[in-house]
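[1] A predicted structure for the sequence below; I have some questions about it.
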Amino acid sequence: MGSEARRRSREKLKEQRAKERKAAQRRKNLIVVGIAVVVVLAIVGIGYAVLNADRQEDFAGDLAPQTLQEDGSVVMAAEGAEAPVVEVYADYQCPACRQFELTTGDLLKESAAQGEAVVHYRPISIFAEQQVPISSNSLRSAAAARAAADAGLFVQYNDLLFEHQPTEGREGYTPEQLKEWFAQLGPTPEQQEEFDARVDEEAEVVSRFTEDFLPPLAQDAQEQIGQETLGTMVLSDLLAWGADNGHDPSFLDGTYTGEIIEATGNAYTRFSGDNALRGTPSVYINGELLDNDTAMTVRGLSEAISSAEPGEVGTEPMGDGGDAEQNS
Amino acid sequence: MRQTETPSSQTPATDTSPTSSRPGTGARWNTVQPWLTLACRLGLAGVLLYSAVSKYPPALSVQAVEAYDLFPPDIARLIGYTLPLFELALAVLLLLGLATRFTGAVSTLLMLVFIAGIISAMARGLSIDCGCFGGGGQVDPEETTYGLSIARDIGFAAMGAVIALWPRSPLAVDRALGLFR
């Protein structure tokens, strides 16, 4: 009886100890997991603070004067500025271009206003050959931006377009929206009227181009010259081929839609090798392509600008005076 | 008394036999497993480290998240900024071998979330790059690699699962703290 009781209490003690060991182990586990969570929070928190510090304050000053160029692009530069030329090739339907604008838009405005950079905005449409509505959104918005440039409001309108960029593959940049956003910039009634008419015209050209003209042209070209050659052709070359093969592109003549398509072809053929334009946004300083780490961060871009020599703008200002050169 | 003691006195003898500490596990497994877990830790840490670094700069990472069309812009921005940092943090924990089981499990969960995201993009007919290792955004429909991305993530999830199930491994802070010895 006595030995039985001793045995029992011994077992109890053993159980008790095992329990305690388990509890201690569990406690240790929890503490270690707690430390791990703290490590994670520290890395994420500190990292987020560091990444977020790469930010430009909103630019609230007066924009540098913007000058419409012969090819439809726009140069924003302080009077007589001798500074590096920052060329921005962007497509209004391209999400990375929107990120570029959100990240560095204010830096570019400030650099231009202070005469530290000559900013050359070169809207193109790399999506013109894609499916509707990606293609049509891209072309319609670029044409509208060109129309805004006629009123000397390109840079402001450029911001609004990126701010309202439709999700890729969704209908957006409708003529009504395009007009409404322009109205927010406070144009004169004549400017608004001119803009609205132009947007409507271009919208028709765009839908004719993307829906009626391009699909049969692309099909013919594919059958006659093959996908392989076709893949290497820029859109303006394809149009030239079409003109000789029963697809008359003359309805694009004199339209801003046609101008954007041509600007896109020129952008693709202008650069070669490592410097080649492969997508958007493509940012060049004095003709040298910047890598993403440089172009897509405020620190990278501002350092690249401040370390570059003054450059030359490669295009000529639009010759018809008047509203081409406007201060805002 | 004697009869009950006999089997217990035999226990040390069975201990030295191939089937030791845990029932159903072999001695060979016991020697191999810590090294397998270490290999998974280092491998997965490498993958996470690379994926975190390749997502820089954050502006492009945000764009890759937006391409999934699942979150409002502010949330997409937050994810685009913090996801690579979270991956980096997991990589650090795996390299240190700190809270090994927990980290392995969380890594597996993260991979499952990625797989769910890719399947959802696929199901909605999006043609995007997964943005797993930088890049991301719209691609041509024939250039999508959903199958490959999912298979890859399943592999990474399995590595995390190995770590979570068998957290015992050499060169781990856990071991110094008396865990998973």
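    Everything's here; your move.
[2] any idea which element residue 109 lies in?
    Using chain A. Here residue A:109 sits within helix A:95-113, counting by DSSP states H and E.
[3] chain B, not that one
    Here residue B:109, judged by DSSP H and E, is contained in helix B:100-123.
[4] pLDDT below threshold where in the chain?
    You didn't say which chain, so I picked chain A. Scanning chain A for pLDDT under 70 picks out A:1, A:320-328.
[5] can you look at chain B instead?
    Using pLDDT under 70 as the threshold, the predicted model of chain B has low-confidence ranges B:1-25.
[6] what about the strands in it?
    In chain B, the segments counted as strands under DSSP state E are B:128-129, B:137-138.
[7] gap between the last one and the chain center?
    When C-alpha coordinates are averaged (Cα atoms, centre = their mean, to the nearest Å), strand B:137-138 and its chain have centres 26 Å apart.
[8] ok, stretch A:61-68 next?
    In this view, stretch A:61-68 has its centroid 20 Å away from the chain centroid, taken as Cα atoms, centre = their mean.
[9] quick one on the thing from earlier: now the helix holding residue B:109: buried residues?
    Taking 16 or more other Cβ atoms under 10 Å in any protein chain shown as the neighbour-count basis, helix B:100-123 is seen to contain the buried residues B:100-108, B:110-111, B:114-115, B:117-118, B:121-122. Placement of C-beta: from N, CA and C, glycine included.
[10] near chain A, which of those residues show up?
    Near chain A, judged by Cβ under 8 Å from any Cβ of the partner chain, the entries from those are B:102-103.
[11] neighbouring contacts of the host helix or strand of residue A:219?
    Here residue A:219 is covered by helix A:214-232, with elements defined by DSSP H and E. Residues lying outside helix A:214-232 but in contact with it, judged by Cβ atoms under 8 Å, 6 or more residues apart in numbering or on different chains, are A:129, A:135, A:233, A:238-239, A:241-242, A:245-247.
[12] close to chain B, is the following helix or strand past that helix?
    Secondary structure here is assigned by DSSP H and E; on that basis, the next helix or strand after helix A:214-232 toward the C-terminus is helix A:235-244. No - when contact is scored as Cβ under 8 Å from any Cβ, no part of helix A:235-244 falls within range of chain B; the minimum is 15.4 Å.
[13] show me what helix A:235-244 is packed up against.
    Packed against helix A:235-244, as judged by 3 or more Cβ pairs under 8 Å, 6 or more residues apart in numbering or on different chains; DSSP states H and E, are the following elements: helix A:214-232, helix A:256-270.
[14] which among those helices is found nearest to residue B:30?
    Counting by Cβ to Cβ, residue B:30 lies closest to helix A:214-232 out of the helices and strands packed on helix A:235-244; the figure is 57.0 Å.
[15] what are the ranges of the helices in chain B?
    Defined through DSSP state H, the helices belonging to chain B, from first to last, are B:2-16, B:27-54, B:58-66, B:73-96, B:100-123, B:146-165, B:173-176.
[16] residue A:24: which of those is closest?
    When those are ranked by distance to residue A:24, counting by Cβ to Cβ, first place goes to helix B:173-176 at 15.2 Å.
[17] ok, stretch B:130-140 near chain A or not?
    Yes - contact between stretch B:130-140 and chain A, assessed by Cβ under 8 Å from any Cβ, occurs at B:137-138.
[18] got the contact list for that stretch?
    Applying Cβ under 8 Å, 6+ apart, the set of residues contacting stretch B:130-140 from outside is A:95-96, A:134, A:168-169, B:50-51, B:54-56, B:60-61, B:63-65, B:67, B:114, B:117-118, B:121, B:127-129, B:145-146, B:149, B:152-153.
[19] one more pass at 7 Å, please.
    Outside of stretch B:130-140, the residues within contact range by Cβ atoms under 7 Å, 6 or more residues apart in numbering or on different chains are A:95-96, A:168, B:50-51, B:54-55, B:60, B:63-64, B:67, B:118, B:127-129, B:149.
[20] and those, which two are the farthest apart?
    Taking Cβ to Cβ as the measure, the contacts of stretch B:130-140 reach their widest spread between A:168 and B:50, a distance of 26.9 Å.
[21] for chain B, what's the nearest residue on the stretch 151-300 of chain A?
    For the stretch 151-300 of chain A, the residue positioned closest to chain B under Cβ to the nearest Cβ is residue A:296, at a distance of 4.4 Å.
[22] show me the contacts for that residue.
    For residue A:296, the set of contacting residues under the criterion of Cβ under 7 Å, 6+ apart consists of A:99-100, A:103, B:57, B:59-60.
[23] please pick the buried ones from these.
    Buried subset of the contacts of residue A:296 (neighbour count, 16+ other Cβ under 10 Å): A:99-100, A:103, B:57, B:59-60.
[24] what does chain B have sitting close to chain A?
    Taking Cβ under 7 Å from any Cβ of the partner chain as the measure of proximity, chain B contacts chain A at B:56-60, B:62-63, B:66-67, B:69, B:81-82, B:85-86, B:88-89, B:92-93, B:98-99, B:102-103, B:137-138, B:174, B:177-179.
[25] rewinding a little: which of the contacts of stretch B:130-140 are buried? Put it as a ChimeraX command.
    Buried members of the contacts of stretch B:130-140, identified by 16+ other Cβ under 10 Å, are gathered into one ChimeraX selection as follows:
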select /A:95,96,168 /B:51,55,60,63,64,67,118,127,128,129,149
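[26] now the one residue in chain B that gets nearest to chain A: closest residue in space, sequence neighbours ignored.
    Nearest to chain A in chain B, going by Cβ to the nearest Cβ, is residue B:99, at a distance of 3.5 Å. Nearest residue to residue B:99 in three dimensions, chain neighbours excluded: residue A:36, at 3.5 Å (Cβ to Cβ, 6 or more residues apart in numbering or on different chains).
[27] downstream neighbour of the helix or strand residue A:135 falls within in the secondary structure list?
    Under DSSP H and E, the secondary-structure element containing residue A:135 is helix A:134-150. Of the helices and strands lying after helix A:134-150 in sequence (DSSP H and E), the nearest is helix A:154-163.
[28] mind listing what's buried in that following helix?
    A:154-162.
[29] ok, now stretch A:224-234?
    The neighbour-count check on stretch A:224-234 (16+ other Cβ under 10 Å) flags A:230, A:233-234 as buried.
[30] pull the CA atoms of it into CSV?
    What follows is stretch A:224-234 as a C-alpha-only set of coordinates in CSV (Å, rounded to 0.1, in the frame of the first residue of the first chain):
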residue,chain,number,x,y,z
GLN,A,224,1.2,38.0,-97.8
ILE,A,225,4.3,38.8,-96.0
GLY,A,226,4.1,36.4,-93.0
GLN,A,227,3.9,36.8,-89.3
GLU,A,228,7.7,36.8,-88.9
THR,A,229,8.3,39.9,-91.1
LEU,A,230,5.2,41.5,-89.8
GLY,A,231,6.4,41.2,-86.2
THR,A,232,9.5,43.3,-87.0
MET,A,233,7.5,46.0,-88.8
VAL,A,234,6.4,49.2,-86.9
